[in-house]
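> requesting a structural model of the entry that follows:
(one chain, ligands or ions: 2)
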Amino acid sequence: MKVLVVGGGGREHALVWKLKQSPKVTEIYCAPGNAGIARQATCVNISAEDIPALLAFARGKAIDLTLVGPEAPLTAGIVDEFQAAGLKIFGPSRAAAEIEGSKVFAKEIMAKYGIPTAGYAVFTSPDEAIAHIQKNGLPCVLKADGLAAGKGVIIAHDLETAHAAVKSIMVNRDFGEAGARLVVEECLTGEEVTILAFTDGDTVIPMMSSQDHKRAYDHDEGPNTGGMGAYAPAPVCTPELAQRAMEEILMPMVHALKAEGRTYRGVIYAGLMVTGQAPKVLEFNVRFGDPEAQPVLSLLETDLVEIMEAVLEGRLDQIDIKWKNQASICVVLASKGYPGAYEKGKVIYGLDETPGDIMIFHAGTAEKDGQIVTSGGRVLGVTATGPDIPAAIRKAYAAVGQIGFDGMHYRRDIGRKALDRS
Ligand code: AMP
Ligand code: GLY
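Ligands and ions are numbered 1, 2, ... in the order given. All right, here's what the predicted structure looks like:
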């Protein structure tokens, strides 16, 4: 079968890598892809958000199955458009994807169905938001309602930061229309965990747990990023916690969406805060996490195409998803300046010197004059699998030591929370 992957980051490279192993797949296209993906698939120069061009391409090439990596095309309705054209596509509809597209919608549905999450209030007036924050006290978390590429969340410990966040989101509209409404949330403390799951709208099958590292620098310091590294499985997710997350969060959410006439099919991402043994939702996403997908897919044994077909045909209850009894970590190598403005076009050295069992998933790379150069904030995700987390960490960092580009920075403590627990 011919498969089209939409997107061009580390997550999509991991998806292409996994699809390449499927005996059912004969050709893989990726739009737009990157220099690493280009070694495993045919990259097509179409933006992940240009739905009409993607649809025309899929029709022209008679693509059998499309898999969407990022959230923006999903919340814009790519699945609805492909399905209306009679094309098979994996992911939630526009209505179901609203759980990521609108934080207000996600909070309202969680409130309505009693799904545990931080307390919240919604504002359309900056003055009312400030008055609420002054009355309720700090810290609090301020979130733009709409998509903001992971940057629309600010944790305020003082009024000055809260004022600046309200101004940035609601007045200056730094995230555009995403800032028309503001969610002010109770600040939760604990350890974060990501639980991804496959669902066909009825059955929910969780993947292996994982943990992202959102802050730019070691010890969770510095600004939030798209994710500086991840590992799986996450020991914070004990069997008891995994069961509670399924019973109190994932299954109720999927069933709530069905009850609301927004049946959810695809991958659902629950970002949870664990306090004691109690999980609470920080956010839902409507796709694989990036960089969580890199370690999680590295450990998936079952053919991804088989799972996607079962989701699309509503028979997820009939399949058995198998995982390697191993651990995996992904260390992200980022450009100087990231997550702020960053440099591009730096030549990357050492890519061919890493051992064969290390996966270097490309995130922001391009090919220029026969060389691989940087072209994004997150450049590479060095991913290693081993018998346990310490072994995977050693392997990944040994490989990181082989790679370099001007201004490269990365966290040296990916996976440390797992070590602290064992
Ligand atoms: P989100 O995009 O909503 O996941 O927010 C990004 C990051 O902000 C999360 O991964 C958390 O680290 C943090 N965060 C979001 N909401 C809260 C909250 N209510 N309490 C504490 N931290 C939060
Ligand atoms: N790693 C966080 C995300 O994919 O949203």
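
> write out the residues of the stretch 51-200 of the chain neighbouring ligand 1.
Ala118, Val141, Lys143, Gly150, Val153, Ile155, Glu185, Glu186, Cys187, Leu188, Glu192 (C-beta under 6 Å from any ligand atom). All C-beta atoms are positioned from the backbone trio N, CA, C, and that covers glycine.

> swap in 8 Å and give it another go.
Within reach of ligand 1 by C-beta under 8 Å from any ligand atom, the stretch 51-200 of the chain has these residues: 103, 117-118, 141, 143, 150, 152-153, 155, 185-189, 192.

> and those, which are buried?
Listed as buried from these are Lys103, Thr117, Ala118, Val141, Lys143, Gly150, Gly152, Val153, Ile155, Glu185, Leu188, Glu192; burial here means 16 or more other C-beta atoms under 10 Å.

> next step: the residues of the stretch 51-200 of the chain next to ligand 1 restricted to strands.
Counted as lying in strands by DSSP state E, out of these, are Val141, Lys143, Val153, Ile155, Glu185, Glu186, Glu192.

> how about the second one, nearest residue that isn't a chain neighbour?
Okay, so that is Lys143. Excluding the flanking residues, the one nearest Lys143 by C-beta to C-beta, 6 or more residues apart in numbering is Val183, at 4.4 Å.

> and the host helix or strand of that neighbour, what does it pack against?
Using DSSP states H and E, Val183 sits in strand 182-186. Contact analysis of strand 182-186 by 3 or more C-beta pairs under 8 Å, 6 or more residues apart in numbering; DSSP states H and E lists helix 103-112, strand 120-123, helix 126-136, strand 140-144 as its packing neighbours.

> that's a strand at Trp17, yeah?
No. Read with DSSP: H, G, I helix; E, B strand; the rest coil, Trp17 is helix and lies in no strand.

> which residues touch it?
Contacts for Trp17 (C-beta atoms under 8 Å, 6 or more residues apart in numbering) come out as Gln40, Leu297, Met359, Phe361.

> nearest residue to Ala256 other than its sequence neighbours?
Using C-beta to C-beta, 6+ apart, the closest residue to Ala256 is Tyr113 (4.1 Å).

> now do Phe284
Of all residues not flanking Phe284 in the chain, Ile99 sits nearest, at 4.5 Å (C-beta to C-beta, 6+ apart).

> correct me, but the one you found touches Leu250?
No. With contact defined as C-beta atoms under 8 Å, Ile99 does not count as touching Leu250 (11.8 Å).

> run a quick neighbour tally on the residue nearest to Lys143.
Using other C-beta atoms under 10 Å, Val183 has 23 other residues around it.

> per-residue confidence for it?
Reported pLDDT at Val183 in the predicted model: 97.

> related to what we said a few turns ago, make JSON lines out of the buried ones among the residues of the stretch 51-200 of the chain next to ligand 1 and add distance to Met273.
As requested, these are exported to JSON lines (distance: C-beta to C-beta, whole Å):
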{"residue": "Lys103", "distance to Met273": "15"}
{"residue": "Thr117", "distance to Met273": "9"}
{"residue": "Ala118", "distance to Met273": "8"}
{"residue": "Val141", "distance to Met273": "11"}
{"residue": "Lys143", "distance to Met273": "14"}
{"residue": "Gly150", "distance to Met273": "17"}
{"residue": "Gly152", "distance to Met273": "18"}
{"residue": "Val153", "distance to Met273": "13"}
{"residue": "Ile155", "distance to Met273": "12"}
{"residue": "Glu185", "distance to Met273": "11"}
{"residue": "Leu188", "distance to Met273": "4"}
{"residue": "Glu192", "distance to Met273": "6"}
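
> which of the residues you listed has the weakest pLDDT?
Gly150 (73).

> and the residue nearest to it when sequence neighbours are not counted, what pLDDT?
Among residues not flanking Gly150 along the chain, Gly226 sits closest, at 5.0 Å (C-beta to C-beta, 6+ apart). Looking at Gly226, its pLDDT is 92.

> give the helix, strand or coil label for Gly226.
coil.

> who's in contact with it?
Gly226 neighbours (C-beta under 8 Å, 6+ apart): Ala149, Gly150, Asp290, Pro339, Gly377, Arg378.

> what of Asn45?
With the criterion set at C-beta under 8 Å, 6+ apart, Asn45 makes contact with Ala31, Pro32.

> so how far is Ile37 from it?
12 Å (C-beta to C-beta, to the nearest Å).

> just Phe82 next, same as before
21 Å.

> neighbour-wise, which of the two wins?
Using other C-beta under 10 Å as the criterion, Phe82 and Ile37 rank with Ile37 on top: 28 against 24.

> assign the most centrally placed residue in the chain to helix, strand or coil.
Nearest to the mean C-alpha position of the chain, by C-alpha atoms, centre = their mean, lies Gly289 at 2.0 Å. Classification of Gly289 using three-state DSSP returns coil.
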